[in-house]
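*Asks:* kindly return the folded structure for what I paste below:
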Amino acid sequence: MDAVTDDSRSFYDAVGGAETFRRIVGRFYELVRDDEILRPLYPEEDLAAAEVRLLMFLEQYWGGPRTYSDQRGHPRLRMRHAPFRIGFLERDAWLRCMHTAVAEIDSQTLDDAHRKALLDYLEMAAQSMVNSTF
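*Replies:* Numbers count the residues shown, from 1 in each chain. Okay, here's the model as predicted:
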């Protein structure tokens with residue numbers, strides 16, 4: 001991520017830290033709650049625990065607190081998502097919600113270079129979760 005930042009700050013710090021990631025993840029789960037494709041993938045009635053897990057993961061990945069690993073160990077994203085059928089429809093729905101959430105962050109908080117890096121990662125991660133062709 002050093003190529004994106006022009007100083008020694010992590011990506012996490014450069015984009016506003018916890019507040020920015022809370023806003024992205026909070027908005028993402030607002031959209032998931034009403035999404036007919038994604039909502040059935042979450043077994044919990046209350047999405048709060050899933051929201052906390054995603055927040056901890058993204059914060060750690062982008063250079064913030066290591067809370068995710070401290071509490072849950074290695075991310076093992078494919079293994080953790082294996083019980084759920086994730087096809088192209090689910091991938092695209094997830095990306096649509098995530099793109100909407102990221103788009104709502106102003107350009108002074110998340111400039112073009114950081115926005116592109118974040119979205120590129122999210123697209124790669126979403127593609128890697130696909131485990132079904134239908």
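
*Asks:* tell me the helix or strand right after the lowest-mean-pLDDT helix or strand in the chain.
*Replies:* Of all the helices and strands that make up the chain, the one with the lowest confidence by mean pLDDT, DSSP states H and E is helix 77-81; it has a mean of 74. Toward the C-terminal end, the helix or strand that comes next after helix 77-81 (DSSP states H and E) is helix 88-103.

*Asks:* show me what that next one is in contact with.
*Replies:* Surrounding helix 88-103, the residues in contact under the criterion C-beta atoms under 8 Å, 6 or more residues apart in numbering are 23-25, 27-28, 31-32, 35, 37-38, 41, 84, 110, 115, 118-119, 122-123, 126-127, 129-130, 133. From N, CA and C alone the C-beta is placed, and that goes for glycine too.

*Asks:* same thing but 7 Å
*Replies:* Contacts of helix 88-103 with the rest of the structure, by C-beta atoms under 7 Å, 6 or more residues apart in numbering, involve 24, 27-28, 31-32, 35, 37-38, 41, 115, 118-119, 122-123, 126-127, 129-130.
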